[in-house]
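Participant: take a look and give me a structure for this.
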Amino acid sequence: MTLRAKTSTYILLIAGLGLAIGLIVHQGIDDVARSVAAVGWGLLAVTFFHLIPLILDTLGWRALFERRERLPFADLLWVRWIGESVNQLLPVAQVGGEIVRSRLLTFRNMPGARAGALVVVDLTVGVFVQALFTLIGLALLFAHYGDDGGIATNAAVGAGLFLFVVGGFYLAQRRGLFRLLARFIEWAAGERAWFDLAGGAARLEQATFALYRRRRAILANGVWQLSGWIVGTGEVWLVLYLMGAPVSLVDALLLESLGQAVRAAGFLVPGALGIQEGGYLLLGAALGVAPEAALALSLAKRVREILLGLPALFAWQVIEGRRLVRRRD
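Facilitator: Numbers count the residues shown, from 1 in each chain. All right, here's what the predicted structure looks like:
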């Protein structure tokens with residue numbers, strides 16, 4: 001990572017951490033701590049529950065593979081678990097995990113361009129699916145709450161995020177998607193790791209566009225990913241139920257869809273620190289969730305990310321370490 005990128009990352013990390021701490025202090029550290037403590041060992045149940053949407057996402061990714069090249073499902077789940085953990089726990093601006101996924105596929109004798117294409121398409125479809133999930137949340141928001149209690153403002157934020165995603169993708173297509181990705185990754189990581197791995201942007205682009213022509217596979221990928229988002233709503237419902245602040249499944253879906261949209265908008269901030277907390281605080285207030293419960297929900301999600309992510313990061317380092325030892329031998 002370049003010095004400029006490191007400096008920017010550290011500044012954003014400090015700012016995000018300061019915002020998160022400020023929100024918690026403002027709402028009362030003791031109240032937030034009691035809400036998190038109320039979940040107790042239930043955090044383990046929340047952690048294991050997340051495996052369900054992770055499996056659904058992996059099934060969607062698997063749909064993009066040709067039958068002859070499909071890896072065992074357990075291997076794909078392993079790779080996706082590591083990639084997700086890298087994105088959630090490391091300051092990689094949501095691209096490091098995709099590079100790691102591509103790299104791990106090449107460890108299983110898959111050509112670099114093909115591995116990169118499978119990750120690029122899965123990621124791109126995922127952006128549109130999340131936008132659709134956000135729109136579903138907005139539709140339910142207006143259907144159940146109308147414009148009362150600041151709902152219109154929150155809905156406008158969600159709509160703005162959706163337009164940002166669509167507009168950004170359109171601009172990338174117009175100006176050369178892979179050229180822009182190359183520049184961004186070079187800025188973020190100080191190297192063109194993804195494109196070097198795939199044999200260059202041109203080969204990656206060719207492999208990706210070939211994959212886009214498989215319409216049924218793309219549709220299946222989107223359906224599985226949307227299913228994962230919807231099922232993931234159960235995590236919000238479960239956390240709030242365990243802390244004694246239950247909500248309906250509809251409200252849980254609203255919190256998850258719009259909360260994740262807010263987090264996605266803060267992708268440059270490591271872990272979306274402060275962004276996620278502020279989002280849940282605003283949305284929770286609109287839905288009648290106590291401020292301390294909304295912040296505790298965000299913290300519980302972060303605990304889940306750590307409990308599930310640290311073993312994945314350790315496993316990844318073991319894999320890389322073994323390969324390094326083999327090269328030296």
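
Participant: okay, CA-based contacts and neighbour counts for the rest of this
Facilitator: Fine.

Participant: per-residue confidence at the residue lying closest to Val86 once chain neighbours are set aside?
Facilitator: For Val86, ignoring the flanking residues on the chain, the nearest one in space by C-alpha to C-alpha, 6 or more residues apart in numbering is Gly97 at 5.0 Å. Listed pLDDT for Gly97 reads 83.

Participant: check Leu77 too.
Facilitator: For Leu77, the model assigns a pLDDT of 96.

Participant: now swap in the one 3 residues further on and tell me
Facilitator: Model confidence at Arg80, expressed as pLDDT, equals 95.

Participant: do the same with Ala5
Facilitator: The model's pLDDT for Ala5 equals 55.

Participant: in what helix or strand does Gln260 lie?
Facilitator: In this structure, Gln260 sits in helix 249-265 according to DSSP states H and E.

Participant: that should have said Gln206, apologies.
Facilitator: helix 201-212.

Participant: Val125 too?
Facilitator: When secondary structure is defined by DSSP H and E, Val125 falls within helix 112-145.

Participant: Leu59 too?
Facilitator: Under the assignment here (DSSP H and E), Leu59 is part of helix 51-62.

Participant: what is that helix packed up against?
Facilitator: Helix 51-62 is packed against helix 73-89, helix 215-242, with contacts defined by 3 or more C-alpha pairs under 8 Å, 6 or more residues apart in numbering; DSSP states H and E.

Participant: name the nearest residue to Ile21, ignoring sequence neighbours.
Facilitator: For Ile21, the nearest residue in space outside its immediate sequence neighbours is Gly274; the separation is 7.8 Å by C-alpha to C-alpha, 6+ apart.

Participant: ok, back up a step: skip ahead from the helix holding Gln260 and say which helix or strand is next.
Facilitator: Counting by DSSP H and E, the element after helix 249-265 in chain order, helix or strand, is helix 275-287.

Participant: what angle do whatever helix or strand comes next after that next one and helix 215-242 make?
Facilitator: Stepping forward along the backbone from helix 275-287, the first helix or strand reached (DSSP H and E) is helix 291-328. Here helix 291-328 runs at an angle of 130 degrees relative to helix 215-242 (axes from the mean of the first three to the mean of the last three C-alpha atoms, to 10 degrees).

Participant: give me the mean pLDDT for helix 291-328.
Facilitator: 88.
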